[in-house]
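> here is a sequence with its predicted model. Questions after.
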Amino acid sequence: MVIKKSIFICSVARTETEQEAQQFIKDITNQNAKARHNCFAYVIGDNNDIQRQSDNGEPSGTAGVPILEVLLKKDIHNVTAVVTRYFGGIKLGTGGLIRAYGQSTSLALEKNIVLKLPKNITKVTIAYSQLNKLQNFSTTNNLSLDQISYQENVTVLIATKISETHYYLEKIKDLLNGQVEFDSLGINYIEVSPDEQST
């Protein structure tokens, strides 16, 4: 993004720990060593337990804070954003800087957010002879089968949207003539594809 000849480049990364966040900031700063500023913010933890930001030489509150505010407003977790500014010789003023750093971060996140949705995890126990039917059903209905275990019977984990769990379990029960056991393992947050994000 170019504003009054200054170039703003936002780099974002998933960072699960503060050490990963600091390493990412260091890497981006090294890659852009000739830039005037490499300002950043990061949030770590499912409840954003760790929050840090830096103006890196810009006037206080004009860079790190707006970057952090975008991260918090979009309710994303475990992410670091570094906005690099190559100064173009024209000062933007306090308001201009806040808008530039915020907008740069928002634009970068639009293309890089990975959404996690709550899903019910159900352990399904079936006979070996029923596995093909279940696999065909899951393919047709875009359900994922995970952790297939072959012991006395076959067990598999199925993740379903909370609102659709009852529907799919009843369908599977009918498909297998009631010869199936279900054990609820609770809710887990699972990354979804862009297609699922829009449904």
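Perfect, thanks for sending it. Numbering: from 1, shown residues only.
> three-state assignment of the residue in the chain sticking out farthest from the centre?
Distance from the centre of the chain peaks at Asn177, with 38.8 Å (CA atoms, centre = their mean). Here Asn177 is recorded as coil under DSSP: H, G, I helix; E, B strand; the rest coil.
> now it: how far from Gln130?
9 Å (CB to CB, to the nearest Å). (Each C-beta comes from the backbone N, C-alpha and C, glycine too.)
> what ranges do the helices span in this structure?
18-31, 64-73, 93-110, 131-140, 165-175, 194-197 (DSSP state H).
> closest one to Leu185 among those?
helix 165-175 (11.6 Å; CB to CB).
> contacts for the closest one, please.
If you take CB atoms under 8 Å, 6 or more residues apart in numbering as the criterion, helix 165-175 is touched by 120, 122, 124, 133-134, 137, 141, 143, 158, 160, 180, 182.
> now it: how far from the chain's centre is it?
30 Å (CA atoms, centre = their mean, to the nearest Å).
> quick one: that helix to helix 131-140, angle?
Here helix 165-175 runs at 140 degrees with respect to helix 131-140, directions being taken by axes from the mean of the first three to the mean of the last three CA atoms, to 10 degrees.
> mind exporting helix 165-175 as CSV, just the C-alpha atoms?
Provided in CSV are the C-alpha atoms of helix 165-175 (Å, rounded to 0.1, in the frame of the first residue of the first chain):
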residue,chain,number,x,y,z
THR,A,165,-24.7,-33.5,14.3
HIS,A,166,-28.1,-35.1,15.0
TYR,A,167,-29.0,-35.1,11.3
TYR,A,168,-25.8,-36.9,10.2
LEU,A,169,-25.8,-39.4,13.1
GLU,A,170,-29.4,-40.4,12.3
LYS,A,171,-28.5,-40.7,8.6
ILE,A,172,-25.5,-42.9,9.5
LYS,A,173,-27.7,-45.0,11.8
ASP,A,174,-30.2,-45.6,9.0
LEU,A,175,-27.5,-46.3,6.5
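> can you point out the buried residues in that helix?
For helix 165-175, burial by neighbour count (16 or more other CB atoms under 10 Å) applies to 165, 168-169, 172.
> for those, give me CSV that also has pLDDT and distance to Thr80.
Shown next, in CSV, are the buried residues of helix 165-175 (pLDDT from 0 to 100; distance: CB to CB, whole Å):
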residue, pLDDT, distance to Thr80
Thr165, 90, 35
Tyr168, 92, 37
Leu169, 93, 40
Ile172, 92, 41
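> any chance of CSV for these, columns distance to Ile28?
Shown next, in CSV, are the buried residues of helix 165-175 (distance: CB to CB, whole Å):
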residue, distance to Ile28
Thr165, 42
Tyr168, 43
Leu169, 46
Ile172, 47
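> which of those lies closest to Asn38?
Thr165 (45.8 Å).
> so where's the protein shaky on pLDDT?
1, 3, 111-117, 189-199 (pLDDT under 70).
> fine by me, thanks again.
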